[in-house]
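Student: have a look at this fold, sequence not included:
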């Protein structure tokens, strides 16, 4: 079972179906295709809100590398390096304005190795916790 907490800024993207994945560090018991992604904001607070529960449809490895001096970044998904347009698309689909905004989010946390967990979004799956 994938239990995922999101910052409030990402909730509108998840609820609209624009954001259908999450980038996370590897877990001891990682999600696999067929599991259910339980997506929340405010977990472990009195403001917990369930955004939705959706089936996991794909899990991919991701690596993000960055040079904070030059500002150069490299992204690899499933071992394939993304070009500039693919990085921009990934950033927008992840709820960021652009890749620069995405890179700013990761500043100080690179290099990163983890997974992208994708779910199948369907309307009407939003329920209160």
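Tutor: Here it is on my side, so go on. Quantities reported herein were computed from a predicted structural model and do not represent experimental measurements.
Student: mind pulling the model confidence for the residue lying closest to residue 32 once chain neighbours are set aside?
Tutor: Sequence neighbours aside, residue 59 is the residue nearest to residue 32 in space, at 6.4 Å (criterion: CB to CB, 6 or more residues apart in numbering). No exception for glycine: its C-beta is placed from N, CA and C like everyone else's. What the model reports as pLDDT for residue 59 is 97.
Student: for residue 59, helix, strand, or coil?
Tutor: Three-state call for residue 59 (DSSP: H, G, I helix; E, B strand; the rest coil): strand.
Student: hang on, isn't it packed against residue 33?
Tutor: Yes: between residue 59 and residue 33 there is a contact at 6.6 Å, judged by CB atoms under 8 Å.
Student: those two - which one has more neighbours?
Tutor: residue 59 (18 against 11; other CB atoms under 10 Å).
Student: can you pull the contacts of the residue most central in space within the chain?
Tutor: Of all residues in the chain, the one closest to the mean position by CA atoms, centre = their mean is residue 22, 1.9 Å from it. Neighbouring residues of residue 22 by CB atoms under 8 Å, 6 or more residues apart in numbering: 4, 6, 37, 39, 116, 117.
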